[in-house]
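In: what's the 3D shape of this:
(one chain, ligands or ions: 1)
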Amino acid sequence: MSADPRVSIHPDSSVLLAAIAARLITKLVDTQDRYGDATIVLTGGTMGIGTLRAVAESPACRAVDWSKVNVWWGDERFVAADSPDRNVVQARAALLDQLPLDPARVHVPGDSDKFKSPDDAAADYAQQLQEAAAREHEADFSDSRPDEPGPLPRFDVLLLGVGPDAHVASLFPEMAGIRETKPTVVGVTNSPKPPPERISLTLPALKSADEVWMLVAGEDKAGAVGLALAGAGPVQVPAAGARGRNRTLWLIDADAAAQVPENLLRKEPASA
Ligand SMILES: O=C1O[C@H](COP(=O)(O)O)[C@@H](O)[C@H](O)[C@H]1O
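Out: Presented below is the predicted three-dimensional model:
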């Protein structure tokens with residue numbers, strides 16, 4: 001089951017980033033009230049890193065118990081561990097290094113210093129995910145606990161940027177990664193956007209999240225946003241396939257909203 005998209009449009013990218021940060025902080029606090037901890041899946045790119053900077057700037061940032069936040073990434077560039085191209089390196093500089101995170105809860109995808117190929121790093125990341133899922137399963141004493149752990153832990157909120165070509169994470173239109181239905185993680189060797197080698201969660205793994213938030217600003221993304229929301233197929237338009245189980249939220253600015261289908265635009269209530 002997955003949730004139909006809802007769209008929330010903000011006047012420009014700076015208002016959008018502040019609004020996303022406020023929502024994210026609230027979501028993490030609410031989730032910690034419910035489960036004791038919260039799990040976020042981060043993304044890279046302009047909006048992914050901009051969101052982290054906006055969280056760092058928010059006075060409400062400290063409302064979250066960061067020692068009980070589990071951190072994963074939806075994708076990573078397969079380059080040296082300290083490369084400025086790494087989503088992890090950018091996320092640490094934007095926010096993570098300022099937080100009292102528990103290092104055991106920060107799950108970093110592999111790099112080219114440690115692994116020979118994107119496929120090897122993808123296998124390691126899939127293993128990290130599976131181990132986290134097994135730990136969660138062991139600690140679950142509820143009546144709804146399944147007999148066996150699944151391949152993925154609980155993802156409470158999963159953030160995604162969208163490229164002008166409608167890629168999400170490192171799943172690019174018409175390429176092998178977006179067609180994967182079985183593995184949770186895939187190695188990418190020919191990304192059309194540099195750097196060419198990457199690892200990415202697959203579409204089924206993205207769709208396992210409780211909530212998926214699509215973060216998009218700028219007129220160069222309007223075509224991709226329009227196609228995704230008009231119901232295009234995920235192989236051609238990967239952003240169309242990314243949906244949360246309970247919520248799919250498109251948080252976008254007015255420029256990126258230029259081609260949103262009319263029926264998805266929120267109407268003002270009619271005046272009496
Ligand atoms: O390469 C990537 O691109 C996407 C989108 O980035 P943007 O700069 O166009 O917003 C990003 O979400 C992904 O994590 C990243 O690796």
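In: For the ligand, what's its nearest residue on the stretch 1-150 of the chain.
Out: When distances are taken as Cβ to the nearest ligand atom, the stretch 1-150 of the chain reaches nearest to the ligand at residue 45, 2.2 Å away. C-betas here are computed from N, CA, C, even on glycine.
In: so where is this structure shaky, pLDDT-wise?
Out: For the chain, the stretches with pLDDT under 70 are 267-272.
In: which bits of it sit near the ligand?
Out: By Cβ under 6 Å from any ligand atom, the part of the chain that sits against the ligand consists of 43-48, 75, 87, 161, 163, 169-170, 193.
In: Neighbour-wise, give me the winner out of the residues you listed.
Out: residue 169 (33 neighbours; other Cβ atoms under 10 Å).
In: Which stretches in the stretch 1-150 of the chain count as helices?
Out: 13-35, 45-57, 87-94, 118-138 (DSSP state H, counting those that start in this stretch).
In: Chain neighbours aside, what residue packs nearest to the residue in the stretch 151-272 of the chain that the ligand sits nearest to?
Out: Going by Cβ to the nearest ligand atom, the ligand is nearest to residue 161 of the stretch 151-272 of the chain, at 2.9 Å. Among residues not flanking residue 161 along the chain, residue 45 sits closest, at 3.7 Å (Cβ to Cβ, 6 or more residues apart in numbering).
In: Going by residue numbers, what spans are strands in the stretch 51-200 of the chain?
Out: Along the stretch 51-200 of the chain, counting by DSSP state E, counting those that start in this stretch, strands occupy 69-73, 75-77, 157-161, 185-188, 198-201.
In: deepest of these, which one?
Out: Ranked by average neighbour count under the criterion mean count of other Cβ atoms under 10 Å, the strands of the stretch 51-200 of the chain are headed by strand 198-201 at a mean of 32.
In: packing partners for that strand?
Out: Under the contact criterion of 3 or more Cβ pairs under 8 Å, 6 or more residues apart in numbering; DSSP states H and E, strand 198-201 touches strand 75-77, helix 118-138, strand 185-188.
In: Out of those, which is closest to residue 236?
Out: Nearest to residue 236 among the helices and strands packed on strand 198-201 is strand 185-188; the distance by Cβ to Cβ comes to 17.5 Å.
In: Show me what that closest one packs onto, helices and strands only.
Out: Partner elements for strand 185-188 (3+ Cβ pairs under 8 Å, 6+ apart): helix 118-138, helix 176-179, strand 198-201.
In: ok, now with 7 Å
Out: Under the contact criterion of 3 or more Cβ pairs under 7 Å, 6 or more residues apart in numbering; DSSP states H and E, strand 185-188 touches helix 118-138, strand 198-201.
In: what lines up beside the last one in the sheet?
Out: By that I understand strand 198-201. For strand 198-201, sheet partners with direction are given as strand 75-77 (antiparallel), strand 185-188 (antiparallel), following DSSP bridges.
In: Just the residues contacting the shortest one, thanks.
Out: Meaning strand 75-77. If you take Cβ atoms under 7 Å, 6 or more residues apart in numbering as the criterion, strand 75-77 is touched by 44, 85-88, 109, 169-170, 195, 198-201.
In: want to try CSV for the helices and strands packed on strand 185-188, with distance to residue 212 as columns?
Out: Formatted as CSV, the helices and strands packed on strand 185-188 follow (distance: least, Cβ to Cβ, whole Å):
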stretch, distance to residue 212
helix 118-138, 17
strand 198-201, 11
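In: Pick the most buried one from those.
Out: Highest mean neighbour count among the helices and strands packed on strand 185-188 (mean count of other Cβ under 10 Å): strand 198-201, a mean of 32.
In: downstream neighbour of that strand in the secondary structure list?
Out: Proceeding N to C from strand 198-201, the next assigned helix or strand is helix 203-206, under DSSP states H and E.
In: if we can go back for a sec, nearest to residue 223, of the residues of the chain next to the ligand?
Out: For these, the closest approach to residue 223 (Cβ to Cβ) belongs to residue 163, at 11.1 Å.
In: dump the residue contacts of the closest one.
Out: 193, 224.
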